[in-house]
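Asker: Attaching a predicted model along with its sequence, questions to come.
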Amino acid sequence: MKDLYSSLGIDAKASREEVAAALQLKPGSGASPAILLDEEKRSAYDRAHETLKTIGMLRHRLGLDSGDSWFLETCPDFAPRSRTAKAPAKPGEPEPEAVSPGANPDIAQAQLVKTEPPAHSRRLIPLIAGIIAVILLVLFIAYF
Amino acid sequence: MTLGQRKQLANSVKLLLLWLAASDGKLEESELEFASAHFPDDGGTITTSDFLAVIRNSDLGTIEKAIRTLAVESRELRIAFLDMAITMCMADRNMAVPENHILRFYADALHLGIDLLCKRFQTITGVEFGDPGDPASEAWWEQAASSGGATGQVDQSGDGGRIENSGYGNRPSPGMNIAQARTVLGVSLNATPADIERAYQNLAGIFEVGRVEAMGEAAVSVANERFRKIQEAYKLLRA
């Protein structure tokens, strides 16, 4: 799906008159008057436009904006230009604790939980400490 | 799972399902009713209105946090979430363009992939998961008009028939007819009793409450409603 508003160089909240003027100024933009000047069709287009804008920004924040994907193939106008974000952690991977910028503070704060090392890591710590202690003891005895 | 983690997961599921429910642009009185019925406030500090405000304001940070929370859960739980999301989208047998895109996004962001989404969609609804459609194209509008679709929604029932739209289809349905029952179970006109039995067992397994209860009350509520509908349809078709 194309971003008709960006191809016309106008805001998505532009009035019908503004849209009509932009359509006249840029007849080769690919934007169809039959869609943008029809209230029902524009309303349906706007819902898809808003959703794709949100998905595009979320994909960028989640690091899902590179490689082959249906999104880049079918909605390139809504894909961010560069990749800077970190992909969501997979099961078993620790999730960063920081709240993302712009998060609703109430909900985001309520969602925060303290992360702990995985159980198997916690079991390994005393084992490794024991091995190191034995090695040091052997070295100490051998030295004297 | 600690209480904090459980709450965090339940809040995330609630937010993501609400985003899907609201994406067709009808987040008005009926949607608020729907939200209150299926996503009751748990007496905590975050109300359903707070969740709806997040959606209205496209609060990316909070939606991102919800996705990241669900993405680290077990594969089984993530698939159960996707199943519920599919069910919510297709309760009225019409797939709006934004709903299609959100489902695809969830499949990607939850590390499940588009192929699995297509398979689950086919299993649950009995029809293929279609392309999102392009409301920026005149050709798409002509096609939607000829297939009886309107307002950016495309009938995906596969048989061309438009089933009566009862909001989100999750309310009790007095007088479900045979055609609606077939749609609920995803079986064709020529389905044998064995096909009906198989479809029922399959769907009943998908919406078993035990499969979703870790995701919180909202998920259980949606699964319960769907399970009731599946049973009702099964009884009708077996009668």
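Answerer: On my side now, so go ahead.
Asker: would you list every one of the helices in the chain?
Answerer: No chain was given, so I picked chain A. A:4-8, A:16-25, A:33-36, A:39-61, A:70-74, A:105-111, A:119-143 (DSSP state H).
Asker: right idea, wrong chain: chain B
Answerer: According to DSSP H, the helices that chain B contains are B:3-22, B:29-38, B:48-56, B:60-71, B:75-90, B:97-109, B:114-125, B:138-146, B:178-185, B:193-206, B:209-212, B:217-238.
Asker: quick one: contacts for A:Met57?
Answerer: Counting by CB atoms under 8 Å, 6 or more residues apart in numbering or on different chains, A:Met57 makes contact with A:Pro80, B:Leu60. C-betas here are computed from N, CA, C, even on glycine.
Asker: Export only the CA atoms of stretch B:109-123, formatted as CSV.
Answerer: The C-alpha coordinates for stretch B:109-123 follow below in CSV (Å, rounded to 0.1, in the frame of the first residue of the first chain):
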residue,chain,number,x,y,z
ALA,B,109,7.4,-9.8,16.3
LEU,B,110,6.6,-12.9,18.3
HIS,B,111,9.1,-15.0,16.3
LEU,B,112,6.4,-17.2,14.8
GLY,B,113,6.5,-16.2,11.2
ILE,B,114,4.0,-15.7,8.4
ASP,B,115,3.9,-19.4,7.4
LEU,B,116,2.7,-20.4,10.9
LEU,B,117,0.2,-17.6,10.9
CYS,B,118,-1.3,-18.9,7.6
LYS,B,119,-1.5,-22.4,9.0
ARG,B,120,-3.2,-21.4,12.2
PHE,B,121,-5.6,-19.2,10.3
GLN,B,122,-6.6,-22.0,8.0
THR,B,123,-7.0,-24.4,10.9
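Asker: average pLDDT for it?
Answerer: For stretch B:109-123, mean pLDDT is 93.
Asker: Wondering if it reaches chain A at all.
Answerer: Yes: Stretch B:109-123 reaches chain A (CB under 8 Å from any CB of the partner chain) through B:Ala109, B:Leu110, B:His111, B:Ile114.
Asker: Hmm, B:Gly133 is touching B:Ala144, no?
Answerer: Yes: contact criterion CB atoms under 8 Å: B:Gly133 and B:Ala144 qualify, at 7.3 Å.
Asker: By mean pLDDT, show me the worst of the helices of chain A.
Answerer: Here the lowest mean pLDDT among those goes to helix A:105-111, at a mean of 43.
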